[in-house]
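Q: build the 3D model from these lines:
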Amino acid sequence: MSCFQVRTDLALEARESIGEAEEIRGVSVEETYDEKNEIRVTRVIIETKNGAKAMGKPIGTYTTLEAPRMVEPDENYHQEISSALAKELKDIIPEAEEEQSVLIVGLGNRDVTADALGPNVADNLFITRHVVMEYGKAAYSKSKMNMVSSIVPGVMAKTGMESAEIIKGVIDQTKPDVVIVVDALAARSTKRLNRTIQVTNTGIHPGSGVGNHRNALTKESLEVPVIAIGVPTVVDAATIVNDAVSGEMKVNLAELNNMYVTSKDVDYQIKQISHVICDALNEALEL
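A: This next block holds a predicted model:
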C-alpha cells in the first residue's frame, strides 16, 4: 500500500503513532481518569527540541480531554466536562488567578458546519470588556472581573486577509494579556470525533489539519501568550481507508488525501460542544 502522511492535530495521537513502548527523550505523558464520569485527561509535555522533532509538534504542553458521551444530550454530564476543562484551562492560562484582559478568537468558517466550532463558541460567550471599561467592576458586583472580548476573523476567501493579520490588528488596539483561540481540528481516529478537546499553550496554525496552512497564531507571532482550544471534527478519508483495508489490497490513497469525513449529525454536535467550551471558559475566567 502506498505510503501517506497521517494528518492529526492531536499531540496524543502523534505520541500514540510512535508507539507507547518506545520512549521519546524530552517528552513526558501524564494521565488521569475520572471513572465515574468517564473523562480521561492526558497531558503530553514536550520539553526539548529532540522531543519536538520526534513528535512533529512545538515545545509546550498539550492537554487532551476525552469524553465518549460528550455529544449525548445530557446537560449534567456536559457540566462535568465543562468543569474538568475549566480546571485544565486554569492550569495552562498564564497568571490565571490575576485579573486579566482576555481576547477569545473563534476561528473557522461558519458556513461550513464542521469548521464552525470557533464562530459558535464566540457567538455564545459572556463578553464583559465593554461594560467594565464603561462602568467598572462594580457593574458586576465583583472585586475581580476579567475583561473578555471576542472576534471571529472569518476566512481569507471572504475577507482577503489572513486571520493572523486581523487578530494582530485587534491586539494592537485592545492590548489583551492573553489570547484564547478556538478552532476545529483533524483527528486520526474516528472514535475521537467530537468527543475530544485539546488545550495547548503553543498556539495554533489555522487550517493545518486539512493541509490549508495559514500564518501561525503563537506567542512569537502575536507577542502575547496564546492558548489554543481545539476539537477534532473531521478525519482524513485516507486514514479511514488505510485502517479498514488489508495490506494486500491496493488503494490509491493519494486520491483521498483531500477528502475529509465527519459525522452526519455534526451540526447538532458542534452546538453541543460549543456550549461545553463556553461554560468552561466562563468558569475558568470566573465570569
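
Q: make it CA atoms for all contacts and neighbour counts henceforth
A: OK.

Q: so how far is stretch 66-73 from its chain's centroid?
A: 16 Å (C-alpha atoms, centre = their mean, to the nearest Å).

Q: let me know the secondary structure of the residue minimising distance to the centre of the chain.
A: By C-alpha atoms, centre = their mean, the chain has its centre lying nearest to G230, at 1.3 Å. Following DSSP: H, G, I helix; E, B strand; the rest coil, G230 is assigned to strand.

Q: against N194, how distant is it?
A: Relative to N194, G230 is positioned 10 Å away (C-alpha to C-alpha, to the nearest Å).

Q: likewise for N37?
A: N37 is 17 Å from N194, by C-alpha to C-alpha.

Q: what of A237?
A: Look at A237 and N194: by C-alpha to C-alpha, they are 16 Å apart.

Q: and if you look at G26?
A: Counting by C-alpha to C-alpha, the gap from G26 to N194 is 30 Å.

Q: ok, the two, which is more surrounded?
A: Higher neighbour count among G26 and N194: N194, with 28 against 15, using other C-alpha atoms under 10 Å.

Q: which residues touch the more buried one?
A: The contact partners of N194, by C-alpha atoms under 8 Å, 6 or more residues apart in numbering, come to 70-71, 231-233, 269-270, 273.

Q: and if you look at I24?
A: Contact analysis of I24 by C-alpha under 8 Å, 6+ apart lists 51, 54.

Q: so it, which of the three states?
A: Per three-state DSSP, the secondary structure class of I24 is coil.

Q: give me the phi and psi for it.
A: phi -110, psi 120 (degrees, to the nearest 10).

Q: same question, V152
A: Backbone geometry at V152, expressed as degrees, to the nearest 10, gives phi -120, psi 100.

Q: would you map the strands across the stretch 51-200 of the chain?
A: Under the criterion DSSP state E, counting those that start in this stretch, strands of the stretch 51-200 of the chain are mapped to 60-66, 101-106, 147-151, 178-187, 196-200.

Q: got the angle for the third one vs strand 178-187?
A: With axes from the mean of the first three to the mean of the last three C-alpha atoms, to 10 degrees applied, the angle from strand 147-151 to strand 178-187 works out at 40 degrees.

Q: for R43, which non-adjacent residue is closest in space?
A: Nearest residue to R43 in three dimensions, chain neighbours excluded: T63, at 4.3 Å (C-alpha to C-alpha, 6 or more residues apart in numbering).

Q: and that neighbour, bridged to which residues?
A: For T63, the beta-bridge partners are R43, V199 (DSSP bridges).

Q: do I have it right that it meets N201?
A: No: at 9.3 Å, T63 and N201 do not qualify as touching, with contact defined as C-alpha atoms under 8 Å.

Q: please enumerate the helices of the stretch 1-150 of the chain.
A: For the stretch 1-150 of the chain, the helices defined by DSSP state H, counting those that start in this stretch occupy 11-18, 49-55, 75-92, 117-123, 129-135.

Q: between these, which one is nearest to N215?
A: Of all the helices of the stretch 1-150 of the chain, helix 117-123 sits nearest to N215, with 17.0 Å by C-alpha to C-alpha.

Q: can you list contacts of that closest one?
A: 104-110, 150-152, 181-184, 270-271, 273-275, 277-278.
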